[in-house]
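**Student:** Return a 3D structure for these sequence lines:
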Amino acid sequence: MGHHHGHDHTHGSNKKTLMISFMIITTYMVIEAIGGFMTNSLALLSDAGHMLSDAISLGIALLAFTLGEKAANYSKTYGYKRFEILAAVLNGGTLILISLYIFYEAIQRFQNPPEVASTGMLIIASIGLLVNIVVAWIMMRGGDVEENLNMRGAYMHVISDMLGSIGAIIAALVIIFFGWGWADPLASVIVAALVLRSGYYITKSGLHVLMEGTPQNINVDDVIQTISNTKGIQSVHDLHVWSITSGLNALSCHAVVSGDMSITESEKLLHKIEHDLAHQNIHHMTIQLETSSHSHDNTILCNAKADSSGQHHHHHH
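**Tutor:** Purely as a prediction, here's the structure:
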């Protein structure tokens, strides 16, 4: 149970961290958007767009944590933990759209660069950078940005946002010193590329979880070794490993044991496997023990199934 306690603890601090970050980012996003309109800077506007996606991602992450706390019930036996992953995918998709829009706007601006109030742009971008550094620091200190996909998504947003502010600062300086108006759309294109990249990765890892893909932090060969090498286990088949949500991995398999094993022995065996696998990031496991006679029937069954499903095509020609 110690593990679950740890899980809940980071969960609480994640939520608090997100709440603070969400409030700071949302406030500054509004300031930056107004500043972007007033100074006519696309770099600022794209950075504000990025901050909007930050605010959305933080808001969704918050909502996901809150919903994820809802207890499991009969219609959703895992609770609402998957919502977090849906949120991450949605968030990734939003980012991709925002970046495409910024690319489109920037192309228009390269053709005829408008006048930009560069001093105002410099001031607003500099404050933006400070805000991002503060939020990133809060998240690093208070949240689990390594393991939790939702927190990591939100954190990656803030980091690339920081680069966006740096871009806007450099663009403002270039316009002030050299009068190169195209520095503004150039900075916004760089921001857009960053937004696109983080959007792509968040969407990809979220979809991997939704497709029941093997979790990144699990080595299936090691898991099979661990189970097979346990004294008393003859072989393993029908093994599945997937994640329910970030940091919550599940496994199910059939393990063949000798026919004369007592119930007490098999329970000890299961405890040992569970204990060993817990060290390999698997938190929820279902292992069906069976004797070799039973498993032999099973393989015949599997072959018959493969036949009827048409994997051996020779019947159908």
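**Student:** Quick check: E105 touching V189?
**Tutor:** No. Using C-beta atoms under 8 Å, E105 and V189 do not qualify as a contacting pair, with a distance of 9.5 Å. C-beta coordinates here come from the backbone N, C-alpha and C atoms, glycine included.
**Student:** which one of the two has more residues nearby?
**Tutor:** Neighbours were counted for E105 and for V189 using other C-beta atoms under 10 Å; V189 has more, 21 against 17.
**Student:** looking at it, that one is touching I102, isn't it?
**Tutor:** Yes. A contact is recorded between V189 and I102 when judged using C-beta under 8 Å, the distance being 7.3 Å.
**Student:** in the chain, which spans are strands?
**Tutor:** Using DSSP state E, the strands assigned to the chain run over residues 233-245, 248-257, 284-291.
**Student:** nearest to L97, of these?
**Tutor:** With C-beta to C-beta, the closest approach to L97 among these belongs to strand 233-245: 24.5 Å.
**Student:** the helices in the stretch 151-300 of the chain, which residues?
**Tutor:** 183-210, 220-228, 263-278, 292-308 (DSSP state H, counting those that start in this stretch).
**Student:** Those into TSV, with extra columns for mean pLDDT and distance to V131?
**Tutor:** Below are the helices of the stretch 151-300 of the chain laid out as TSV (pLDDT from 0 to 100; distance: least, C-beta to C-beta, whole Å):
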stretch	mean pLDDT	distance to V131
helix 183-210	85	15
helix 220-228	86	43
helix 263-278	85	40
helix 292-308	46	58
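**Student:** which of these sits most buried?
**Tutor:** Mean neighbour count (mean count of other C-beta atoms under 10 Å) peaks for helix 183-210 among those, with a mean of 22.
**Student:** for it, packing partners?
**Tutor:** The helices and strands touching helix 183-210, judged by 3 or more C-beta pairs under 8 Å, 6 or more residues apart in numbering; DSSP states H and E, are helix 42-68, helix 83-111, helix 149-178, strand 233-245.
**Student:** residues in contact with I98?
**Tutor:** With contact taken as C-beta atoms under 8 Å, 6 or more residues apart in numbering, I98 is in contact with G49, H50, L52, S53, A192, V195, G199.
**Student:** is it true that A125 touches D161?
**Tutor:** No. Using C-beta under 8 Å, A125 is not in contact with D161; the gap is 11.4 Å.
**Student:** Identify the contacts common to those two.
**Tutor:** Taking C-beta under 8 Å, 6+ apart as the contact rule, the neighbours common to A125 and D161 are D47.
**Student:** The protein - how does it break down into domains?
**Tutor:** Domain ranges of the chain: 9-211, 220-291, per the TED database.
**Student:** hey, which of these is tucked in deepest?
**Tutor:** Mean neighbour count (mean count of other C-beta under 10 Å) peaks for domain 9-211 among the domains of the chain, with a mean of 20.
**Student:** hang on, the earlier thing: for the strands of the chain, which one sits closest to E267?
**Tutor:** For the strands of the chain, the distance to E267 is smallest for strand 284-291, at 9.6 Å, taking C-beta to C-beta.
**Student:** Partner strands of the closest one and their direction?
**Tutor:** Based on DSSP bridges, the strands next to strand 284-291 in the sheet, each with its direction, are strand 248-257 (parallel).
**Student:** Show me the contact partners of the strand it pairs with.
**Tutor:** By C-beta under 8 Å, 6+ apart, the list of residues contacting strand 248-257 from outside reads 7, 81, 215, 217-218, 223, 227, 232-244, 266, 269, 273, 277, 281-292, 295, 298.
**Student:** what do you get for stretch 20-38?
**Tutor:** The contact list for stretch 20-38 (C-beta under 8 Å, 6+ apart) reads 41-42, 44-45, 47-48, 51-52, 54-55, 58-59, 62, 117, 120-121, 124, 127-128, 131, 134-135, 138-139, 142, 154, 158.
**Student:** any idea which helix is longest in this protein?
**Tutor:** Within the chain, and with DSSP state H defining each element, the longest helix by residue count is helix 2-39.
**Student:** R141 versus H284, what's the distance?
**Tutor:** When C-beta to C-beta, to the nearest Å is the yardstick, H284 and R141 sit 29 Å from each other.
**Student:** follow-up on the earlier one: may I see the helices and strands packed on helix 183-210 arranged in TSV, with mean pLDDT and distance to G36 as well?
**Tutor:** Below are the helices and strands packed on helix 183-210 laid out as TSV (pLDDT from 0 to 100; distance: least, C-beta to C-beta, whole Å):
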stretch	mean pLDDT	distance to G36
helix 42-68	78	4
helix 83-111	84	11
helix 149-178	82	9
strand 233-245	86	36
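**Student:** Make CSV from the ones you listed and add distance to F22 to it.
**Tutor:** Conversion of the helices and strands packed on helix 183-210 to CSV gives the following (distance: least, C-beta to C-beta, whole Å):
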stretch, distance to F22
helix 42-68, 4
helix 83-111, 13
helix 149-178, 9
strand 233-245, 20
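**Student:** so who does A192 touch?
**Tutor:** If a contact means C-beta under 8 Å, 6+ apart, then A192 has S46, I98, S99, L100, I102, F103, A106 as its contacts.
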